[in-house]
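# With the input below, show me the fold.
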Amino acid sequence: MTIKKLLHQIFLKRKGGKTSAKIVDLLLIRPYNGSQIARIIEMDYNTIEYHLEILCKSKLVMCESDSYGSLYYPTDLLLKNHEEYEKIKEMRETVLPQMQAQLKEDNNPQSAQKYRDM
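Next comes the predicted model:
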């Protein structure tokens, strides 16, 4: 899988992509442990751990050890592809909501009736 596809998969296609992006944005500033991230993002610790596990398995984030309180860092893979990550994040914030609104409109029975009446 190419890095572009991987980033699409993690940040655009997954329901939790927005949360994963928030975590990555924090880690691009400085290392944090799961508890610190949970506090900053104001989310449940277990939710943050779930996202960190996905990011680690995808080799976008790494952890210094398996012990509680260990710090997480962005990997070289993520740092080398930071520009692509930013593009995908921008897509998530602009294009995706437009597509969702269009889908909602297309599935609206009143909207469908409008097209039949034309």
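
# State the three-state secondary structure for Ile88.
Secondary structure, DSSP: H, G, I helix; E, B strand; the rest coil: Ile88 is helix.

# Spit out the contact partners of the residue minimising distance to the centre of the chain.
A centroid search over the chain (C-alpha atoms, centre = their mean) returns Gly17, at 2.7 Å, as the residue closest to the centre. By C-beta atoms under 8 Å, 6 or more residues apart in numbering, the contact set of Gly17 is Ile10, Phe11, Arg92. Bear in mind the C-beta positions are built from the backbone N, C-alpha and C, glycine included.

# For the last one, identify the helix or strand it belongs to.
It stands for Arg92. helix 82-106 (DSSP states H and E).

# buried ones in that helix?
Across helix 82-106, burial judged by 16 or more other C-beta atoms under 10 Å covers Glu84, Tyr85, Ile88, Lys89, Arg92.

# quick one: the third one from Asp44, how far?
Spatial separation of Ile88 from Asp44 under the definition C-beta to C-beta, to the nearest Å is 25 Å.

# And the contacts of Gly17, which is closest to Thr2?
Ile10 (12.7 Å; C-beta to C-beta).

# Next, count neighbours for the closest one.
Ile10: 22 surrounding residues under other C-beta atoms under 10 Å.

# got any ranges where this structure has weak pLDDT?
Applying pLDDT under 70 to the chain flags residues 96-101, 103, 108-118.

# cutoff 90 now
Applying pLDDT under 90 to the chain flags the ranges 1, 12-15, 64-69, 91-118.

# what are the ranges of the helices in it?
Ranges of helices within the chain are 3-8, 17-29, 34-41, 45-57, 76-80, 82-106, 109-117, based on DSSP state H.
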